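Student: Turn this into a structure:
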Amino acid sequence: QVQLVESGGGLVQAGGSLRLSCAASGRTFSSYAMGWFRQAPGKERAFVAAISRNGALYYENSVKGRFTISRDNAKNTLYLQMNSLKPEDTAVYYCSARSAYAGTDEEGRYDYWGQGTQVTVSS
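Tutor: Residues are numbered from 1 along each chain as shown. Have a look, this model is predicted:
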């Protein structure tokens with residue numbers, strides 16, 4: 001099992017940047033593919049980005065070129081660097097882990113979830 005704790009959310013103006021972190025504890029972090037999802041008010045949770053065990057990256061189209069997912073296996077930490085933020089990026093952001101090699105955009109394929117961190121982008 002793995003426990004996930006997100007941090008780094010907050011309030012930022014449009015065009016600004018934030019870096020989210022997800023600290024993992026429990027089983028070996030490097031054995032998981034990881035993902036970020038977000039849930040905006042009144043909407044279902046949606047895929048943002050994923051990273052495979054070998055570092056392969058996947059992004060939702062609206063964040064390509066603005067967001068960067070990365071992992072530091074030595075620190076058991078997943079990151080999401082978010083630049084050029086827009087009001088429509090406002091959401092609760094969740095870190096997720098799956099006991100598999102490859103990342104995926106399918107929410108149901110993830111086994112573990114953090115509690116979420118709020119990101120609010122003002123116009």
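
Student: Please name the bridge partners of the most centrally placed residue in the chain.
Tutor: The centroid of the chain falls nearest to Trp36 when counting by C-alpha atoms, centre = their mean (2.4 Å). Beta-bridge partners for Trp36, by DSSP bridges, are Ala49, Cys95.

Student: Repeat that for Tyr79.
Tutor: Residues in beta-bridge contact with Tyr79 (DSSP bridges): Ser21, Ser70.

Student: measure it to Gly26 for me?
Tutor: 19 Å (C-beta to C-beta, to the nearest Å). Yep, even glycine has a C-beta here, placed from its N, CA and C like the rest.

Student: same thing with Ala74?
Tutor: Ala74 is 16 Å from Gly26, by C-beta to C-beta.

Student: What of Val119?
Tutor: In this view, Val119 and Gly26 are 25 Å apart by C-beta to C-beta.

Student: Sketch out the strands for the chain, chain order is fine.
Tutor: 2-7, 10-13, 18-26, 33-39, 46-51, 57-59, 67-72, 77-82, 91-98, 112-113, 117-122 (DSSP state E).
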